[in-house]
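*Asks:* Whatever this is, show me its structure:
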Amino acid sequence: MVVRKWMSPSPVTVGKDDPVSEAIHLMKEHKIRHLPVMDGDRLVGIVSDRDLKEYMPSRATTLDVYELHYALSRAKVSEAMRRDPLRVGPDDTIEKAALLLHDNKIGCLPVVDDGGALVGILAHEDVFEALIQVTGARTDTVRLQMTIPDEPGSIRVVADKVRAHGLKIRSILTTYQDVPEGRRELILRVEGDTLPLESELKEEHPDLVVHRGV
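*Replies:* Down below sits the predicted model:
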């Protein structure tokens, strides 16, 4: 999965010299929380609703509402934005984007092409949607979770059992998180009546956990 499949193309932007009040208006109008900041055709920053909230209080404490509106119409977006934001390319993996978002505790990433042109924006909600889709969580499936030997062919053994029951695998995931040495956790989402399969799997995998639906 690559970023271009999940990003929002042609994002709403704001100019670095536009007033802060314009950024606030655009966020409210388009119901968004982040705006790439442009200097002509060049991405120079990003501003979020949180940035604006942190920028405003110091001015709000000493100004009445009319003075505040006037101050926000005079202040430039460049004063509140974060400069040189992290970014990804449209052909970068969604996993790379997820790591950048998570490890840097940010809410979105501008997407730029090889020439540096802004082509989209990827928010953490988009990454969540990718996770939901790749795991098959929205599908009418049964989730089967078990530990298996960490050796070649161990996944195929379980998959062959699924196919032998005439069932369809919608997703396969594995992890080593909190799993004993020499084993790994296998998570399958399977379509169809899995009860006979569950009985068979429990004989070899007593730790089998079954979730119907999400």
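
*Asks:* quick check: domain ranges of this protein?
*Replies:* Residue ranges for the domains of the chain, per automatic domain parsing: 3-132, 139-212.

*Asks:* Please indicate which of the ones you listed has the most neighbours on average?
*Replies:* Ranked by mean neighbour count, the domains of the chain are led by domain 3-132 with a mean of 16 (mean count of other Cβ atoms under 10 Å). Quick note: C-beta positions are derived from backbone N, CA and C, even for glycine.

*Asks:* Just give me how far it sits from the chain centre.
*Replies:* How far domain 3-132 lies from its chain's middle: 16 Å, per Cα atoms, centre = their mean, to the nearest Å.

*Asks:* By mean pLDDT, point me to the weakest helix or strand of the protein.
*Replies:* helix 57-60 (a mean of 53; mean pLDDT, DSSP states H and E).

*Asks:* For stretch 201-214, what is the spacing between the initial and final residues?
*Replies:* The first and last residues of stretch 201-214 sit 20 Å apart, counting by Cα to Cα, to the nearest Å.

*Asks:* quick check: mean pLDDT across that stretch?
*Replies:* Regarding stretch 201-214, the rounded mean pLDDT is 92.

*Asks:* follow-up on the earlier one: rank the domains of the chain by mean pLDDT and give me the bottom one.
*Replies:* domain 3-132 (a mean of 89).

*Asks:* what are the ranges of the helices in the chain?
*Replies:* Using DSSP state H, the helices of the chain run over 20-30, 49-55, 57-60, 65-74, 94-104, 124-135, 154-164, 195-204.

*Asks:* Now do the end-to-end distance for stretch 104-116.
*Replies:* 22 Å.

*Asks:* Let me see the residues that make contact with that stretch.
*Replies:* 3-4, 7, 11, 33-34, 36, 42-43, 46, 48, 50, 85-90, 97, 100-101, 118-124 (Cβ atoms under 8 Å, 6 or more residues apart in numbering).

*Asks:* Mind checking which of these are in strands?
*Replies:* Under the assignment DSSP state E, the contacts of stretch 104-116 contribute 34, 36, 42, 43, 46, 48, 118, 119, 120, 121, 122, 123 to strands.

*Asks:* and those as a markdown table, adding distance to residue 140?
*Replies:* Shown next, in a markdown table, are the ones in strands among the contacts of stretch 104-116 (distance: Cβ to Cβ, whole Å):
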| residue | distance to residue 140 |
| --- | --- |
| 34 | 34 |
| 36 | 38 |
| 42 | 47 |
| 43 | 42 |
| 46 | 39 |
| 48 | 37 |
| 118 | 39 |
| 119 | 35 |
| 120 | 31 |
| 121 | 32 |
| 122 | 29 |
| 123 | 28 |
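
*Asks:* quick one: contacts for residue 126?
*Replies:* 6, 7, 8.
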